[in-house]
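Trainee: Sharing a sequence plus its predicted fold:
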Amino acid sequence: MATEYVKLVDVTKCDGCRACMVACKNWNDLPAEPEEFSGTVQSHKKTTADTWNVLQYIEHENGKGDLEYLFRHSSCFHCTDAACEKVCPENAISYSKFGTVVIDHDKCVGCGYCVQNCPFEVISLKEYKDKNGKEYKLSQKCTMCTDRLEEGLQPACVTTCHTNALEFGNKDEMLAKAEKRLSEIKGKFPNANIYNPKGVGGTHTIYVLTEKPSVYGLPENPKVPTSAVVWKDYAQPIGKMMIGATTMAVVGAFITNNIISKRIKGKEDGGEGHE
Amino acid sequence: MSNHQQHPKANEKIRRFPKAFVWAHAINGIAFFALYITALPMYTEFFDWLYPVLGGPAGARLLHRIFAVIFITPTFILLIFSPKFFFKWMKELITWKKRDLEFFSEFVKELFGFNFKHVKQTFFNAGEKINSVIQILCAILVIVSGFTMWFPGFFPRAIVQWGYVLHNVGFGLGIAVIVGHVYLSVVHKHSRPGYSGVVTGKVPAWWAKGHYTEWYDEEVKKGNFPDLDDPKHKKGA
């Protein structure tokens, strides 16, 4: 892998303008998804197949009698050890040289295994119709604008962010920046932390959060589901070995049966050997 | 025992399976393979060429779901049309005696074509019982987990995730055993009458007597099957 890149999201700098959402729709040519008012300023409940990043607005009582408005740019985490990549039956999901996790839509069959196994629930299926009117599904999520990275550009959301809450760069540089920022804000936000969960091998979207991950609706200890490991690393290979073994057994049985019955025939000259 | 084959009534066909079982078994078998084939490209990319044959991934999914429903029906067919046979079958599956364990060492010899002796068996031999037990367990695994995979919105995420594992274990073990099951009936020379038996419901008397002696003799006592031990026909005796 060439240099690994990371998108650093510093929620303390975010002013909730949602330009990242617009820039994403614009660059990735995603249609608008109008929603009914749901009692919050947040536009969409969570990411969808056509809305790859959502700006969360969380009303949080901080325990000192204050109500805080927490903003978080939420999108795919681009895990180093991605559950979606592990469970995809078509190898349609892969890691790019930048460390991003991308879906190959020529291979995707729309089974939804990735949707069900993503620890952050950021993947969705979308239904399409081909020119014959036949329906098919594809899995959709943030690509970290890998097509832009290949051209030496930064992700659209990062480019548009006017407060530098979103930054993109060399992994080590971003991690150092996150540490520095954390030490700056620890006084004001004692619960502040860097969210770069180890259970998925670290991520390529890293957060500086002011509150515990659960306050943002994030899992405290996300990991590749144990079921995914049992399924892909044990059940599937063992199953393939088993059908191989029984096939070999019956082929062996067929051959030895023929050899032995020939030998008996040679000795006794015909007649059913059986019984 | 060779006398059984020379008995004038040796080739007479006797009824082994009721018609409901013949149908249930055939539907079960066809649905099983249809399900296997429609999902095979998901199991291994080597079979991705099946997608165009099956009408694309969406077509394969639809077929898989149609056959999934068909796969569930045989249990009900049997329960409705021949509950007697169903419960006889279940009773056989939970009855294990010394003769069942003795069966296996002789079976291995028979499988590879060496000399063997028949261990007296009841309606099903111990191998068939093992096959039944495994297939029933696998079917339960596959059907239950199939529901969670088909309707993920109705189940907690963890259940859906474990459903994938159970589905995989269920069909992985099921197909491995089926390979042996099909070989023994269609190819293996000693048990081949079993294949026409499960298609027509009837098998030759001599074969039934040799393979399922205890069951055969019981039916003789009830007067259902010809008595091949009839001394009049024992040439060598």
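Mentor: Yes, it's here.
Trainee: C-alpha from now on. contacts and neighbour counts both.
Mentor: Noted.
Trainee: quick one: residue A:253 from residue A:107, how far?
Mentor: 40 Å (C-alpha to C-alpha, to the nearest Å).
Trainee: Looking at the two, which is more packed in?
Mentor: residue A:253 (21 against 14; other C-alpha atoms under 10 Å in any protein chain shown).
Trainee: quick one: the more buried one and chain B, what's the gap?
Mentor: 4 Å (C-alpha to the nearest C-alpha, to the nearest Å).
Trainee: Could you pull up the contacting residues of that residue?
Mentor: By C-alpha atoms under 8 Å, 6 or more residues apart in numbering or on different chains, the residues touching residue A:253 are B:111, B:112, B:113.
Trainee: From residue B:179, how far off is it?
Mentor: For residue A:253, the distance to residue B:179 - C-alpha to C-alpha - is 12 Å.
Trainee: Skip the chain neighbours and tell me the closest residue to residue B:17.
Mentor: residue B:201 (4.5 Å; C-alpha to C-alpha, 6 or more residues apart in numbering or on different chains).
Trainee: And the one you found, its phi and psi?
Mentor: Torsion angles at residue B:201 (phi, psi; degrees, to the nearest 10) stand at phi 90, psi -10.
Trainee: how about stretch A:110-122, does it reach chain B?
Mentor: Yes: counting by C-alpha under 8 Å from any C-alpha of the partner chain, chain B is contacted by stretch A:110-122 at A:110, A:116, A:117.
Trainee: Out of those, flag the one nearest to residue B:21.
Mentor: Closest approach between the residues of stretch A:110-122 next to chain B and residue B:21, by C-alpha to C-alpha: residue A:110, at 37.8 Å.
Trainee: Wasn't that closest one part of a strand?
Mentor: No: per DSSP: H, G, I helix; E, B strand; the rest coil, residue A:110 lies outside any strand segment and is coil.
Trainee: for it, what are its contacts?
Mentor: Contacts for residue A:110 (C-alpha under 8 Å, 6+ apart) come out as A:125, A:136, A:137, A:138, A:139, B:57.
Trainee: Distance of it relative to residue A:123?
Mentor: In terms of C-alpha to C-alpha, residue A:110 sits 11 Å off from residue A:123.
Trainee: Need the overlap of contacts for these two.
Mentor: With C-alpha under 8 Å, 6+ apart as the test, residue A:110 and residue A:123 both reach residue A:139.
Trainee: any weak-confidence spans in chain B?
Mentor: Scanning chain B for pLDDT under 70 picks out B:1-4, B:230-237.
Trainee: quick one, strands of it?
Mentor: Here chain B has its strands, by DSSP state E, at B:13-15, B:202-204.
Trainee: Could you report the neighbour count for residue 134?
Mentor: No chain was given, so I picked chain A. 12.
Trainee: sorry, should have said chain B
Mentor: 17.
Trainee: Repeat that for residue B:57.
Mentor: Counted with other C-alpha under 10 Å, residue B:57 comes out at 24.
Trainee: Residue B:217 now?
Mentor: For residue B:217, using other C-alpha under 10 Å, the count is 20.
Trainee: before we move on, what about residue B:207?
Mentor: 23.
Trainee: Relative to chain A, how far out is it?
Mentor: Taking C-alpha to the nearest C-alpha, one finds residue B:207 at 10 Å from chain A.
Trainee: Test my guess that that residue contacts residue B:196.
Mentor: No: assessed by C-alpha atoms under 8 Å, residue B:207 is found out of contact with residue B:196, at 12.0 Å.
Trainee: contacting residues around stretch A:172-185?
Mentor: A:6, A:7, A:8, A:10, A:167, A:168, A:192, A:193, A:194, A:207, A:208.
Trainee: Residue A:18: which of the residues you listed is nearest?
Mentor: residue A:10 (14.5 Å).
Trainee: what pLDDT does the closest one get?
Mentor: With respect to pLDDT, residue A:10 scores 97.
Trainee: Now for it: which residues touch it?
Mentor: Residue A:10 neighbours (C-alpha under 8 Å, 6+ apart): A:165, A:166, A:178, A:207, A:208, A:209.
Trainee: So what's the predicted local confidence for the last one?
Mentor: Among the per-residue scores, residue A:209 holds a pLDDT of 97.
Trainee: From residue A:196, how far out is it?
Mentor: Counting by C-alpha to C-alpha, the gap from residue A:209 to residue A:196 is 11 Å.
Trainee: ditto for the third one
Mentor: Relative to residue A:196, residue A:178 is positioned 10 Å away (criterion: C-alpha to C-alpha).
Trainee: Between these two, which is the more surrounded one?
Mentor: Applying other C-alpha under 10 Å to residue A:178 and residue A:196 shows that residue A:178 carries more neighbours, namely 22 against 19.
Trainee: Can you verify residue A:149 is assigned to a strand?
Mentor: No: secondary structure of residue A:149 (three-state DSSP): helix, not part of a strand.
Trainee: So which residues on chain B come close to chain A?
Mentor: Counting by C-alpha under 8 Å from any C-alpha, chain B sits next to chain A at B:1-2, B:42-45, B:57-58, B:111-114, B:157, B:160-162, B:164-165, B:168-169, B:172-173, B:175-177, B:179-180, B:183, B:187-188, B:190.
Trainee: Going through those, which ones are buried?
Mentor: Among these, those buried by neighbour count (16 or more other C-alpha atoms under 10 Å in any protein chain shown) are B:42-43, B:57-58, B:111-113, B:160-162, B:164-165, B:168-169, B:172-173, B:175-177, B:179-180, B:183, B:188, B:190.
Trainee: Go through those and flag which are in helices.
Mentor: B:42-43, B:57-58, B:111, B:160-162, B:164-165, B:168-169, B:172-173, B:175-177, B:179-180 (DSSP state H).
Trainee: Could you pull up the residues touching residue B:86?
Mentor: Per C-alpha under 8 Å, 6+ apart, neighbours of residue B:86: B:78, B:79.
Trainee: That one and chain A, how far apart?
Mentor: With C-alpha to the nearest C-alpha as the criterion, residue B:86 and chain A are 28 Å apart.
Trainee: just to revisit the earlier point, tell me which of the contacts of residue A:10 is nearest to residue B:34?
Mentor: Checking the contacts of residue A:10 against residue B:34 with C-alpha to C-alpha, the nearest one is residue A:207 at 48.0 Å.
Trainee: that's a strand at the closest one, yeah?
Mentor: Yes: assessed by three-state DSSP, residue A:207 belongs to a strand.
Trainee: can you pull the contacts of it?
Mentor: Neighbours of residue A:207 in contact, by C-alpha under 8 Å, 6+ apart: A:8, A:9, A:10, A:11, A:178, A:194, A:195, A:196.
Trainee: Can I get the host helix or strand of the fifth one in CSV, CA atoms only?
Mentor: Residue A:178 belongs to helix A:171-185 when assigned by DSSP states H and E. Taking C-alpha atoms only, helix A:171-185 is exported to CSV below (Å, rounded to 0.1, in the frame of the first residue of the first chain):
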residue,chain,number,x,y,z
LYS,A,171,-2.4,9.1,8.2
ASP,A,172,0.5,9.9,10.6
GLU,A,173,0.1,13.6,10.1
MET,A,174,-3.6,13.4,10.8
LEU,A,175,-3.2,11.2,13.8
ALA,A,176,-0.7,13.7,15.3
LYS,A,177,-3.0,16.5,14.5
ALA,A,178,-5.8,14.7,16.3
GLU,A,179,-3.7,14.1,19.4
LYS,A,180,-2.7,17.8,19.5
ARG,A,181,-6.3,18.9,19.2
LEU,A,182,-7.4,16.5,21.9
SER,A,183,-4.8,18.0,24.4
GLU,A,184,-6.1,21.5,23.5
ILE,A,185,-9.8,20.7,24.2
